[in-house]
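Engineer: I'll drop the sequence and a predicted model, then ask my questions.
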Amino acid sequence: MAEGDLAVEGGGSGASLHEREAEIRSAQRAVEALTGPAGTGLGELLVYTGAAGLGKTAVLTEVRRRARRVGCTVLFARGGERQGHEPFRVVRELVRPVLAALSAAERAQVFGPWEGVVGPAVGLLPPGGQLDPQGVRDGLDFVLTRLVQLRPPVAVIVDDLHWADAESLGWLAGFALRARELPALLVLACRDEFPDEALALQHGLLTKADRRHELRPLQPASVAHLVRAALGAQAEDAFCRHVWAVTAGNPYETTALLREVADQRLDPVEESSGQLRELAAGARGMTLRHWLEKIGPSALRFAWAASMLGTDIRPDLAAVICAQGPDGAAESVRQLRRHGVLVGAPGGRLEFVHPLVATSVYQSMPPAARTGMHGVAAIATENAGLGLLTASRHLLETLPEGDGAVVGKLRRAAREHLAIGAPEAAQRCLRRAISEPPADEDRAAVLYELGCSALLTDPATTVNQLRLALADPYGLGPELRVDAIFRLAQALAHGNRVGEASAVCEQEAARTPPGPGRLRLEVAHFMFAAFRSEDPDGPGRSRRLEEFDAMLRTVGLAFGESEDPTPADPTLSDPTPAGSRPAEAAFERDGLTHAVAVLRCWDLTLRGAHRDEAIAFAESALPGGRLPDSLGWTNTTWGFELPGILGISYLYADRVDRGEALFTEAIRAYEVAGWSGGHLGFAHLLTGLLRFRCGALAEAEDHLRRALRLAERIGPGVPLYWDAVGALAETLAARGRLPEALDLAHRHGFAPPYPTVMVLPDAPTLYGRLLLARGDAPAAAATLTAAGAALDARGWRNTVWAPWLGHLARAVAAEEPKRARDLAEEAVRRARESGTDSAIGSALRLAAAVHEGPRAAELLAEAVHHLERSPARYEHALALVDLGEALGDPAALERGRELAARCGADALAARAGESLRNH
């Protein structure tokens with residue numbers, strides 16, 4: 001406990017907290033609401049704010065005591081001024097003691113599937129591969145929720161929140177909302193001194209508080225009580241009043257001043273009041289001279305070392321940092337205890353009596369001494385087994401000296417930070433490594449690592465740093481350069497700059513020597529080009545992709561084997577000697593072959609080719625019916641785009657079983673890996689599209705809302721955001737909630753201009769359909785006409801992905817009936833070319849809407865015939881209801897009503913029911 005806080009409590013075990021009764025009563029009510037018989041059993045967020053020294057720690061100490069007394073599991077942590085750059089430090093201090101004490105069975109229950117994600121962040125498992133920060137936060141939510149369920153009720157108490165690391169603060173900001181639904185009380189204390197980068201999180205946390213108390217300075221009467229408790233009842237009123245005036249009623253400063261008064265044997269009478277201001281200035285102790293005079297040089301050096309270690313000080317480690325032997329260190333500790341600088345159990349960990357003292361001691365160090373001791377501390381903490389996660393914060397405080405060993409440690413620390421989901425901490429280390437600086441031949445590699453560290457969270461940083469790495473005069477090695485180009489293209493594409501992404505790969509491929517690297521870049525060029533919503537040479541690019549595929553099938557010898565007797569083109573051969581790396585060569589060959597097969601499948605799908613032709617390529621990319629490692633959802637060679645479009649191709653070909661298996665695996669893979677950001681959002685988007693296509697509209701809505709929530713965390717500019725909004729609006733409209741769908745589209749800006757990245761489904765077509773549903777046929781017709789022209793120019797004629805022809809026919813039917821019928825006929829013709837029952841049935845149903853009488857009924861009957869053989873249950877229900885109404889057929893209407901109800905298409909079911917009653 002801090003010294004000032006002890007004073008606020010009066011220094012005795014039974015003393016009260018002066019003028020803090022209201023704050024304590026508030027905490028007592030919160031504890032009783034959590035545990036009492038008349039309580040809700042649910043927690044809340046309680047926040048105490050105030051300047052340094054006003055007694056926040058004392059209040060929290062009392063809250064901890066009362067929570068323990070009624071049987072709460074108490075999790076406590078304190079932010080440290082010197083430890084704000086240790087990611088998840090506050091989280092570790094909160095939960096590690098309790099989690100480490102769990103039995104094996106309890107640990108399995110609490111961690112569930114999240115142990116591999118949360119374990120490294122809380123220090124219970126060694127770091128592994130790179131983790132998504134959002135995945136770590138989600139995992140912490142899961143673990144804390146399970147822990148609360150295992151050991152209810154729980155009080156989570158954090159002191160000095162203003163010094164908490166950004167990663168812990170970010171998690172707390174989210175968990176504060178969840179805590180209200182659990183038997184968990186969250187109590188925070190902070191000054192209004194948050195770093196600039198944490199202001200938004202601070203504001204979010206403080207505004208969520210159920211109760212917020214701002215601690216005020218003590219009144220004169222309370223200060224007088226403290227004076228007489230420390231100096232005796234004879235203290236005169238005038239003297240007490242001057243103590244209050246000098247300290248402004250701050251409890252910590254009052255106690256520090258009274259200690260100086262006692263040390264100087266100053267009589268507490270009015271005549272002594274003139275000396276109080278000078279004593280108070282000395283008591284604040286912000287100068288080197290003050291501390292030298294007070295505790296001497298040896299004890300001061302130990303205090304300096306201790307001030308670097310934060311809130312949980314190991315005496316042996318502090319002794320190493322200040323170069324004191326066991327006897328000298330023990331004497332320093334005795335002196336520091338005697339002078340009220342450090343507290344702690346004998347032989348155990350130490351802490352400063354108050355954070356203000358720690359700040360004063362740290363700031364009293366001469367700059368050169370401080371820098372040097374941080375360098376010693378970095379080595380000492382690493383040697384003590386605390387790892388680079390802890391040591392790296394000391395390296396950040398040292399001066400650049402061109403030390404390659406320091407660069408190496410910072411790079412390794414960055415990898416460890418990424419492995420616990422802390423990319424910002426990794427970037428701090430890598431920026432510091434660049435300023436060291438690294439050797440000329442290593443600089444580009446460090447820039448590459450810095451760029452890649454931001455790929456999941458900050459594509460703009462990735463683009464900038466990778467461009468610097470690629471432009472570095474000493475350059476990257478051939479393999480690393482190829483990978484850097486691919487990561488740069490990914491970042492550009494995720495930032496809605498897919499045209500640049502495609503061009504970057506194409507240009508670099510032209511400069512890259514023949515071999516696997518060049519082939520990878522050429523494939524990447526085709527991949528990113530396939531995602532462009534506009535391409536002036538779409539059909540030509542499709543032809544070149546076909547030619548590239550044929551060429552690639554002839555260069556198996558370049559990778560060590562070939563089934564084609566035609567000699568490989570020597571300009572494409574791998575310069576690596578044959579047989580020197582057969583396993584790697586086979587993996588690279590298969591990866592390229594599978595990637596190109598997926599792109600051929602997707603190209604044929606969008607062009608509206610026959611489903612059998614497209615699926616043949618899809619099947620060749622799934623040896624044994626399983627997704628190969630080279631195309632795995634978490635494999636970074638190609639990214640998630642290729643398995644995603646593979647699953648969509650299966651879906652559009654009515655092979656829902658294959659698509660569902662792929663998308664289910666995606667969600668599982670991302671949850672296991674802790675990738676809970678855009679990757680998991682994309683998986684939920686794909687699953688939502690599949691559920692919509694299968695007529696499971698309620699499930700589709702659930703998955704699409706999850707996708708949208710995850711997209712909103714990233715920001716509205718990413719393609720996933722558009723995809724989720726558009727697909728969710730279409731789903732809501734299908735469920736009969738058109739006003740809600742239109743409101744969603746309006747609130748999220750789902751309107752032109754559209755992203756340059758191709759979205760799923762086609763955004764202009766979907767926007768036109770929403771306009772048509774709203775009753776604005778002229779605007780819908782204009783939008784759909786423009787969309788159709790762009791798609792035809794691109795060579796994309798798939799009537800499922802972009803059914804613009806059928807809906808344009810409906811939009812112009814009233815004014816141009818012949819044109820409408822021609823458009824509908826063309827849509828049916830294109831659908832038949834695909835050979836897919838759902839495409840044919842949907843096109844026939846839309847064509848029937850622009851015909852009348854027997855012809856409409858004939859088209860609808862054929863539509864029902866095709867759709868009942870497809871997985872498109874919602875489309876099937878639409879066709880049945882349309883057919884029943886056209887023929888006055890109660891059986892078709894009843895079948896349509898039942899199917900619509902099972903699909904969750906409430907308005908369609910109601911419409912069928914109304915038609916049944918009218919018939």
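Structural biologist: Received the coordinates, thanks. Numbering: from 1, shown residues only.
Engineer: what about the stretch 351-500 of the chain, any weak spots by pLDDT?
Structural biologist: Judged against pLDDT under 70, the stretch 351-500 of the chain has no low-scoring part.
Engineer: cool, and the chain?
Structural biologist: Ranges of the chain meeting pLDDT under 70: 1-16, 36, 38-40, 193-204, 283-286, 555-588, 756-761.
Engineer: OK, contacts around Arg25?
Structural biologist: Contacts of Arg25 were listed using Cβ atoms under 8 Å, 6 or more residues apart in numbering, and none were found. Heads up, the C-betas are built off the backbone N, CA and C, glycines and all.
Engineer: now do the host helix or strand of it: distance to the chain's middle.
Structural biologist: In this structure, Arg25 sits in helix 21-35 according to DSSP states H and E. Distance of helix 21-35 from the chain centroid (Cα atoms, centre = their mean, to the nearest Å) equals 34 Å.
Engineer: helix or strand right after it?
Structural biologist: strand 45-49.
Engineer: now what about that following strand, what contacts it?
Structural biologist: 23, 26-27, 30, 56, 59-60, 63, 176, 179-180, 185-192, 205-206, 208-215.
Engineer: ok, back up a step: the helix holding Arg25: which residues count as buried?
Structural biologist: Glu23, Ile24, Ser26, Ala27, Gln28, Ala30, Val31, Ala33, Leu34, Thr35 (16 or more other Cβ atoms under 10 Å).
Engineer: follow-up on the earlier one: derive a ChimeraX selection command for the buried subset of the contacts of strand 45-49.
Structural biologist: Restricted to buried positions by 16+ other Cβ under 10 Å, the ChimeraX selection for these reads:
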select :23,26,27,30,56,59,60,63,176,179,185,186,187,188,189,190,191,205,206,208,209,210,213,215
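Engineer: the contacts of strand 45-49 in helices, which ones?
Structural biologist: Among the contacts of strand 45-49, the members falling in helices (DSSP state H) are Glu23, Ser26, Ala27, Ala30, Lys56, Val59, Leu60, Val63, Ala176, Ala179, Leu205, Leu206.
Engineer: how far does stretch 379-396 stretch from one end to the other?
Structural biologist: Using Cα to Cα, to the nearest Å, the end-to-end distance of stretch 379-396 comes to 13 Å.
Engineer: residues touching that stretch, excluding its own?
Structural biologist: Taking Cβ under 8 Å, 6+ apart as the rule, stretch 379-396 contacts 82-83, 85-87, 127, 308, 314, 316-317, 320-321, 374-375, 377-378, 406, 409-410, 412-413, 416-417, 420, 425, 428-429, 432.
Engineer: mind listing which of these are in strands?
Structural biologist: With strands defined by DSSP state E, no entry of the contacts of stretch 379-396 lies inside them.
Engineer: show the residue spans covered by the strands in the stretch 151-300 of the chain.
Structural biologist: Here the stretch 151-300 of the chain has its strands, by DSSP state E, counting those that start in this stretch, at 154-159, 184-190, 211-214.
Engineer: dump those into CSV; add distance to Ala166 as well.
Structural biologist: Converted to CSV, those look like this (distance: least, Cβ to Cβ, whole Å):
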stretch, distance to Ala166
strand 154-159, 14
strand 184-190, 14
strand 211-214, 22
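Engineer: for these, which one sits closest to Gly344?
Structural biologist: Of all the strands of the stretch 151-300 of the chain, strand 154-159 sits nearest to Gly344, with 16.3 Å by Cβ to Cβ.
Engineer: tell me what the closest one is packed against?
Structural biologist: Here strand 154-159 touches helix 56-69, strand 73-78, helix 89-100, helix 133-150, helix 166-179, strand 184-190, going by 3 or more Cβ pairs under 8 Å, 6 or more residues apart in numbering; DSSP states H and E.
Engineer: most packed of those?
Structural biologist: strand 184-190 (a mean of 26; mean count of other Cβ atoms under 10 Å).
Engineer: quick check: angle from the helix holding Arg25 to helix 56-69?
Structural biologist: With axes from the mean of the first three to the mean of the last three Cα atoms, to 10 degrees defining the directions, helix 21-35 sits at 30 degrees from helix 56-69.
Engineer: what phi and what psi does the backbone show at Leu342?
Structural biologist: Backbone geometry at Leu342, expressed as degrees, to the nearest 10, gives phi -120, psi 150.
Engineer: how about it, nearest residue that isn't a chain neighbour?
Structural biologist: Leu336 (4.3 Å; Cβ to Cβ, 6 or more residues apart in numbering).
Engineer: again, but for His866
Structural biologist: Gly841 (3.6 Å).
Engineer: and the one you found, how far from His374?
Structural biologist: 71 Å (Cβ to Cβ, to the nearest Å).
Engineer: so for the two, which residue has more residues nearby?
Structural biologist: Gly841 (26 against 20; other Cβ atoms under 10 Å).
Engineer: name the helix or strand for that one, please.
Structural biologist: helix 837-848.
Engineer: buried stuff in the helix or strand following that helix?
Structural biologist: Note on helix 837-848: by DSSP H and E, the next helix or strand toward the C-terminus is helix 853-867. Neighbour-count burial for helix 853-867 flags Ala856, Ala857, Leu859, Leu860, Ala861, Glu862, Ala863, Val864, His866, Leu867 (criterion: 16+ other Cβ under 10 Å).
Engineer: of all those residues, which comes closest to Gln465?
Structural biologist: Leu867 (51.3 Å).
Engineer: pull the contacting residues for the nearest residue to the closest one once chain neighbours are set aside.
Structural biologist: Nearest residue to Leu867, sequence neighbours excluded (Cβ to Cβ, 6+ apart): Gly841, at 3.6 Å. Contacts for Gly841 (Cβ under 8 Å, 6+ apart) come out as Glu862, Ala863, Val864, His865, His866, Leu867, Ser870, Ala872, Glu875, His876, Ala879.
Engineer: let's see that with 6 Å instead.
Structural biologist: Ala863, His866, Leu867 (Cβ atoms under 6 Å, 6 or more residues apart in numbering).
Engineer: can I get those residues in TSV with distance to Ile485?
Structural biologist: As requested, the contacts of Gly841 are exported to TSV (distance: Cβ to Cβ, whole Å):
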residue	distance to Ile485
Ala863	48
His866	45
Leu867	45
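Engineer: ok, so of those, who is nearest Leu169?
Structural biologist: Leu867 (52.9 Å).
Engineer: residue contacts, that closest one?
Structural biologist: Contacts of Leu867 (Cβ under 6 Å, 6+ apart): Gly841, Glu875, His876, Ala879.
Engineer: re earlier: how about the helices and strands packed on strand 154-159, which one is nearest Val656?
Structural biologist: helix 133-150 (28.3 Å).
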